[in-house]
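Undergrad: Pasting a predicted model and its sequence here:
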Amino acid sequence: MDYGPKAGGPTASFKPDSTAFRSSEPLSDNTTFRNDYKKWPASKPMPFLPDAWQKPAGDMDLRTTHNLTFDR
């Protein structure tokens with residue numbers, strides 16, 4: 001008796017109906033975005049302008065350490 005068929009029938013399906021929702025009302029122009037959000041004034045960000053290149057003060061020593069140490 002323990003391993004025999006059980007009474008109760010097949011389980012019911014919990015899936016929703018496969019029919020599409022239909023409405024006879026037209027689409028309205030009132031949306032959450034239009035009603036709840038305000039347009040805030042905004043300005044463009046200022047671009048980053050690096051400082052202009054300036055020549056370093058003084059003369060450049062082009063001799064290498066090898067030329068400074070060993071004279072010919």
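TA: Done, it's in.
Undergrad: what about stretch 30-46, distance to the chain center?
TA: Stretch 30-46 sits 19 Å away from the centroid of its parent chain (C-alpha atoms, centre = their mean, to the nearest Å).
Undergrad: which secondary element of the protein has the worst mean pLDDT?
TA: Lowest by mean pLDDT, DSSP states H and E among the helices and strands of the chain is helix 65-69, with a mean of 66.
Undergrad: where are the low-confidence patches of the chain?
TA: Flagging of the chain using pLDDT under 70 yields the residue ranges 1, 64, 66-72.
Undergrad: same thing but 80
TA: The chain contains residues with pLDDT under 80 at 1-9, 25, 27-35, 60-72.
Undergrad: Let me see the ranges of the helices in it.
TA: Ranges of helices within the chain are 32-36, 65-69, based on DSSP state H.
Undergrad: ok, A57 to R63 distance?
TA: Computed as C-beta to C-beta, to the nearest Å, the A57 to R63 distance reads 19 Å. In short, each C-beta sits where N, CA and C put it, glycine included.
Undergrad: Would you mind measuring the gap between the ends of stretch 29-42?
TA: Distance between the two ends of stretch 29-42: 25 Å, counting by C-alpha to C-alpha, to the nearest Å.
Undergrad: Show me how far that stretch is from its chain's centre.
TA: Centroid displacement of stretch 29-42 relative to its chain, using C-alpha atoms, centre = their mean, is 21 Å.
Undergrad: Could you do stretch 41-50 as well?
TA: With C-alpha atoms, centre = their mean as the basis, stretch 41-50 stands 21 Å off its chain's centre.
Undergrad: what's around D59, how many residues?
TA: Using other C-beta atoms under 10 Å, the number of residues around D59 comes to 6.
Undergrad: What of R34?
TA: That count, for R34 with other C-beta under 10 Å as the rule, works out to 8.
Undergrad: same question, D29
TA: For D29, the neighbour count with other C-beta under 10 Å is 6.
Undergrad: same question, P50
TA: Number of residues near P50 (other C-beta under 10 Å) recorded here: 5.
Undergrad: Equivalent analysis for G8, please.
TA: 6.
Undergrad: distance of it from K15?
TA: With C-beta to C-beta as the criterion, G8 and K15 are 20 Å apart.
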